[in-house]
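Colleague: Take a look and give me a structure for this.
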Amino acid sequence: MPNQPTFVLVHGAFANSFSFAPLQAELCLLGHRSVALDLPGHGFDATFAAAYQAPQDLDALATEPGRIKGVTLADNAARVIEVLERAKQNGPTILVGHSRGGATITAVGNARPDLIDRIAYVSAWCPVDLDVNGYYAEPEMADVDPGAFLSALVGNPAELGVLRVNFRTAEPRTLAAMKQAIAADLTDDEFRTFLNTFQPDENLDVGTSADRTRAATWGRIPRTYVRLADDASIPLAMQDRMIREADVLTPDNPFDVATLESSHLSWLVHPGPAARLLANLATH
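Modeller: Okay, the predicted model is just below:
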């Protein structure tokens, strides 16, 4: 069907296309097509060193090279643009980003607004007045636990050239802190299952001030922001701040705003409400 939109789904940090499988199943059953892509160095292009397996060798893991080293935000955007160019041949596109994926879809919107019929952020970074790193120093992020993943950090990011986290840790306090940060409303089994879909490495580039939203390009794309009310990773106050800043930037094209009762991750584990919400975007 040439007028049926394609949802293009962009994952966040340490994630991959696999995490969208339940959501894609629900979208399919609602009659909608979608594609979940892997950003460079993700999915089957990720590095899973033997030292990451059990029994783990954390000393070796701390120095093991990772293929994601040197991957940039521009590389991520280029991957998404390749997919959009193909999807656009079949009809409209709805570009959806989650979490850190918001920085990527913003860069894509800045560069190629012609490929996007609607851009949607699900508790995702939408850098307007500041870059992503800048927002972390703001009051809206004051209650975010900076140490939630710190105790699972492996190696020196400056030396490795990647951010490496041991998601296979069994340390109770570390797991509890991670769960509180990203999945407090999931069961322990659901949380550990999701954690095992994560990859240990993430690239270091989340963009600079040059990668903030641009009114002339990104700002002309119809846009939606899906707030996650129980998100402790990007708190609601920060989500609302980015919405306000974007609306000030382009007041004639404000965000459509919706809200889901969800932590940072549970909307992907129990995707029915999110799928119905996204499906409604296809009729806009």
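Colleague: can you pull out the strands in the stretch 101-250 of the chain?
Modeller: Per DSSP state E, counting those that start in this stretch, the stretch 101-250 of the chain carries strands over the ranges 118-124, 163-164, 201-202, 223-228.
Colleague: so can I have CSV of those showing mean pLDDT, mean neighbour count and distance to Ala152?
Modeller: For glycine as for every other residue, the C-beta is placed from the backbone atoms N, C-alpha and C. Below are those laid out as CSV (pLDDT from 0 to 100; neighbours: other Cβ atoms under 10 Å; distance: least, Cβ to Cβ, whole Å):
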stretch, mean pLDDT, mean neighbour count, distance to Ala152
strand 118-124, 98, 26, 22
strand 163-164, 98, 22, 9
strand 201-202, 98, 26, 13
strand 223-228, 98, 23, 23
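Colleague: now these in TSV, with distance to Phe14?
Modeller: Shown next, in TSV, are the strands of the stretch 101-250 of the chain (distance: least, Cβ to Cβ, whole Å):
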stretch	distance to Phe14
strand 118-124	15
strand 163-164	8
strand 201-202	5
strand 223-228	18
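Colleague: what's the closest of those strands to Gly43?
Modeller: For the strands of the stretch 101-250 of the chain, the distance to Gly43 is smallest for strand 201-202, at 12.1 Å, taking Cβ to Cβ.
Colleague: now for that closest one, which elements pack on it?
Modeller: Helices and strands touching strand 201-202, by 3 or more Cβ pairs under 8 Å, 6 or more residues apart in numbering; DSSP states H and E, are strand 163-164.
Colleague: Within the sheet, what are the partner strands of the strand it packs on, with directions?
Modeller: strand 201-202 (antiparallel) (DSSP bridges).
Colleague: How far does the partner strand sit from its chain's centre?
Modeller: 13 Å (Cα atoms, centre = their mean, to the nearest Å).
Colleague: who touches that strand?
Modeller: 13-14, 41, 46-47, 66-68, 100, 162-165 (Cβ atoms under 8 Å, 6 or more residues apart in numbering).
Colleague: Arg241: which of the strands of the stretch 101-250 of the chain is closest?
Modeller: With Cβ to Cβ, the closest approach to Arg241 among the strands of the stretch 101-250 of the chain belongs to strand 223-228: 11.2 Å.
Colleague: Show me the helices in the chain, by range?
Modeller: Using DSSP state H, the helices of the chain run over 21-29, 58-61, 73-88, 101-111, 132-135, 157-160, 172-182, 188-195, 236-249, 266-269, 272-281.
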